[in-house]
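S.K.: What shape does this take:
(one chain, ligands or ions: 1)
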Amino acid sequence: MQNVLVTGGAGYIGSHACKALKAAGFTPVTYDSLVTGWEDSVKFGPFEKGDLMDRARLDEVFAKYQPVAVMHFAALSQVGESMKEPGLYWRQNVMGSLTLIEATVAAGVKHFVFSSTCATYGEQDNVVLDENSVQQPINAYGASKRAIEDILDNFGAAYGLEHVIFRYFNVAGADPEGEIGEHHRPETHLIPIMLEAIDGKRPALTIFGTDYDTPDGTCIRDYVHVCDLVDAHVLGLKWLQEGKGSSVFNLGTGSGFSVREVIDQSRAVTNLSVPYEEGPRRPGDCTKLVSGSSRAETELGWSPERSTMAQMIGDAWLWHREGHYDK
Ligand code: UDP
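M.R.: Next up, the predicted model:
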């Protein structure tokens, strides 16, 4: 069995990645501080608690498991928070990742899969993004992820650390088998907040801005099912193992949904109405972020089959209704 070190394996995307890795025959070793993750989401391999900036602990875990690769998800990921506390994002995301990358090189591990974001592109004039779009982040979260991409490029050149970078934005849905799902505290993401509003766990959803330059005035995002997303990561790992070298892939569906469209779709899926109010813009939000994925589809053979809005909301709703958010 090949061990893969999964940072953030107790988090939303990381835990789904662990399930996909196990299904593909790897042993996912979760390394997580539990600052935002949940130990009971670690179900598919061993768990090692630790902080990304704790180099001694990282060295110990690398020595114990001798992983063949690293999948790096652990990060702070709230755009709004990153605007209020940029230092936190530069420290945790950039310094944490640098420490991890140095430990990876020191351990002789040559393959690294990194969870980046379309927030590295920033505000672009209503175009569908591709991997060559210019990266001009408008929030500290996106800036911190772009900096990590630069670190990986430099370490690739200096030490032969081969890496696959995935840039994605809005991840949604949950494991259709109900073993794991999205659970952030505090929750800031649109779909879980909307589901909490639907069943009365919060009074209402606030739409952040209705005066954007979009057909209905609300922001447009490209949503990808978390299971499709993690499948791409496994394909990225195999890509590296086949010796195909460092690469960058956008993971999107190429079609965007406005906040109002997401609300309408959830009504159709749950048969319940969404209590909502209209509020001001949230600092750091781009008008539209839609990313094609033709490179991932042609080169990796990725197909985001579960990424319909109906399935994403449906799977998230199933998870939500089982009461996992009540913890
Ligand atoms: N959004 C909203 N109300 C909320 C949370 C999010 O209107 O309570 C909007 C947000 O402004 C953005 C979209 O929903 O346009 C997706 O936001 P989310 O925080 O889910 O993801 P992000 O795009 O920031 O990664």
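
S.K.: alpha carbons only for contacts and neighbour counts from here, please
M.R.: Will do.

S.K.: which non-adjacent residue is nearest residue 152?
M.R.: The spatial neighbour of residue 152 that comes closest, neighbours along the chain excluded (CA to CA, 6 or more residues apart in numbering), is residue 163 at 7.1 Å.

S.K.: Check for me that that neighbour belongs to a helix.
M.R.: No: going by DSSP: H, G, I helix; E, B strand; the rest coil, the assignment for residue 163 is strand, not a helix.

S.K.: pLDDT score for it?
M.R.: pLDDT for residue 163: 98.

S.K.: Residue 115 is in contact with that one, correct?
M.R.: No: judged on CA atoms under 8 Å, residue 163 makes no contact with residue 115 at a distance of 10.7 Å.

S.K.: check contacts around the residue nearest to residue 152.
M.R.: 111-114, 152, 156, 240, 245-247 (CA atoms under 8 Å, 6 or more residues apart in numbering).

S.K.: Please name the bridge partners of it.
M.R.: Counting by DSSP bridges, residue 163 forms beta bridges with residue 112.

S.K.: What does the pLDDT read for residue 322?
M.R.: Model confidence at residue 322 (pLDDT) stands at 81.

S.K.: so what's residue 172 closest to, chain neighbours aside?
M.R.: Nearest residue to residue 172, sequence neighbours excluded (CA to CA, 6+ apart): residue 225, at 5.1 Å.

S.K.: same deal with residue 202?
M.R.: Nearest non-adjacent residue to residue 202, counting by CA to CA, 6+ apart: residue 196, 5.8 Å away.

S.K.: That neighbour looks like it's in a strand, true?
M.R.: No: according to three-state DSSP, residue 196 belongs to no strand; its state is helix.

S.K.: That one and the ligand, how far apart?
M.R.: 10 Å (CA to the nearest ligand atom, to the nearest Å).

S.K.: Using CSV, write out the CA atom coordinates for stretch 309-327.
M.R.: Output in CSV follows, covering the C-alpha atoms of stretch 309-327 (Å, rounded to 0.1, in the frame of the first residue of the first chain):
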residue,chain,number,x,y,z
MET,A,309,-26.6,22.1,-9.1
ALA,A,310,-29.5,19.7,-8.3
GLN,A,311,-27.1,16.9,-7.3
MET,A,312,-24.9,19.2,-5.3
ILE,A,313,-27.8,20.7,-3.3
GLY,A,314,-29.5,17.3,-3.0
ASP,A,315,-26.4,15.6,-1.5
ALA,A,316,-25.7,18.5,0.8
TRP,A,317,-29.3,18.5,1.9
LEU,A,318,-29.1,14.7,2.7
TRP,A,319,-26.1,15.3,4.8
HIS,A,320,-27.6,18.4,6.4
ARG,A,321,-30.9,16.6,7.3
GLU,A,322,-29.0,13.8,9.1
GLY,A,323,-28.2,16.5,11.7
HIS,A,324,-24.4,16.6,11.3
TYR,A,325,-24.5,20.4,11.5
ASP,A,326,-25.9,20.2,15.1
LYS,A,327,-22.6,19.2,16.6
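
S.K.: Fine, thanks again, bye for now.
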